[in-house]
Each structure stands twice: as C-alpha cells, then as structure tokens.
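A.B. asks: can you look at this prediction? I've put the sequence above it.
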Amino acid sequence: MQITDYQGLSRVIIDPGESYVTKKDEIISTLLGSCVAACLYDPVNRVIGMNHFLLAQQPAAHNAALLASEGGRYGIHAMELTINQMLKLGAERIHLKAKAFGGGDVLSLGKQFRGGQSIGSINCEFIKTFLKTERIPLVAAGLGGEIGRNIFFLASDFSVYVKRIEQMEQQLVIKQEKRFLEKTTRPSPPPSDQAVFW
C-alpha cells in the first residue's frame, strides 16, 4: 500500500491482496488486469472500502500452497475483510452498495482452471454472485473484456473513475499476476518434522 498526494487529497494505492477502508475524504486506487476490485460504500454513514483480489477462492488442489496470512488475495476473504472493516468504522450492512471493476482477460491467464475459463471471467462471476447472495446492490460495473484498468474511488461522492491502462502498465500487471499465480499454485514444502536434509 502506498499513500501519495493528489490535488490536496490523500490517494491510497492498494495492491493485490490488500484492502483499505476510510471515513476520510480520500481517493483509493488500484491497477487491475485479471484481478477484481470491489468498491463498497455506505452513503448514509459515509464509509467507503476497496479490495483487490486475483483469485475468487483458494485453489482446492491438495498440494496448493496455503496462504492463510494472505487471505485478502482471495475474493471470499477479501469481501469479508472489507465489509467487517467498514462495519467497525460505523457502516451498516443495510446501506451498503457496490461498484466492481476488473476481471479482464489480459493474457488468457489461468485458463487451466474450471473448464477453460480465464481467471478474469471466474472473478467476474464470483463478485456478481457474492453481491447478489449478500443482497448488496451492484450499482455500477466495468467487468471482463480484454483490457486492464486503473481505477480511482472517491470518498467525496462515491464515484469511480476508470482509465484503460497503457501497454507498459499492462505488462507490469501481467508480470505481477503471473508471479502471484505461480506462488499460489506451487506445491507446499513438507512440514518441518518431515523435512529431508541432504
């Protein structure tokens, strides 16, 4: 997470696996490829939150690396963390609304999952289903396609500005997502009591 200044306001930039919640007049932003960011807000109590996740859920393979400390990288955990943080700041679940962005198929990344679906399309399906199940209205969305996006969520009026990313930024997003995908699907090392030393 980085904090910069933008026209006198704090701009909080979140990375994959991170979320940020505030009651202040701030801007939350992130760079998305296959990832999805949910922008949640309570317009009555004026609390906003954004998360950024790459995978809808942790890989189910028995040898998949367990990243318990990085639960925010998975959609289900990211949504629960963000909502709970917002409730702690005074938001009320009944007032929550959502805007969701990302899920672009920027490199046909991860089509080995779920019958050839890309990670981006799985993430899009997940966020829509989660919000419907939780009865949180999805009031705006920019999901899917083949583009990367840079998004800016403003606390002042709950608007989200979306900018298509340039080729150079897209390559950065692709590298970042590949690195994380490899990390999450790499076999776990054996427990220390079973370790073999040569």
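C.D. replies: Nice, I can see it.
A.B. asks: so F153 is in contact with C39, correct?
C.D. replies: Yes - if you go by Cβ atoms under 8 Å, F153 and C39 touch, sitting 4.5 Å apart. (C-beta placed from N, C-alpha, C; glycine too.)
A.B. asks: show the contacting residues for C39.
C.D. replies: For C39, the set of contacting residues under the criterion of Cβ atoms under 8 Å, 6 or more residues apart in numbering consists of 28, 48-50, 98-101, 151, 153, 160.
A.B. asks: could you point out which element follows the helix or strand it falls within?
C.D. replies: Assigned by DSSP states H and E, C39 belongs to strand 36-42. From strand 36-42 onward toward the C-terminus, using DSSP H and E, the following helix or strand is strand 47-51.
A.B. asks: what pLDDT, on average, does that next one get?
C.D. replies: Here the mean pLDDT over strand 47-51 is 97, rounded to a whole number.
A.B. asks: for that strand, C-alpha coordinates in PDB please.
C.D. replies: Presented in PDB, the C-alpha positions along strand 47-51 are these (Å, rounded to 0.1, in the frame of the first residue of the first chain):
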ATOM      1  CA  VAL A  47     -17.800   4.900   4.900                       C
ATOM      2  CA  ILE A  48     -16.000   3.500   1.800                       C
ATOM      3  CA  GLY A  49     -13.800   0.500   1.200                       C
ATOM      4  CA  MET A  50     -12.000  -1.200  -1.700                       C
ATOM      5  CA  ASN A  51     -10.300  -4.500  -2.000                       C
END
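A.B. asks: so what are the sheet partners of that strand and their directions?
C.D. replies: Its sheet considered, strand 47-51 pairs with strand 19-22 (antiparallel), strand 36-42 (antiparallel) by DSSP bridges.
A.B. asks: quick check: what element follows it along the chain?
C.D. replies: The helix or strand immediately downstream of strand 47-51 is helix 75-88, counting by DSSP H and E.
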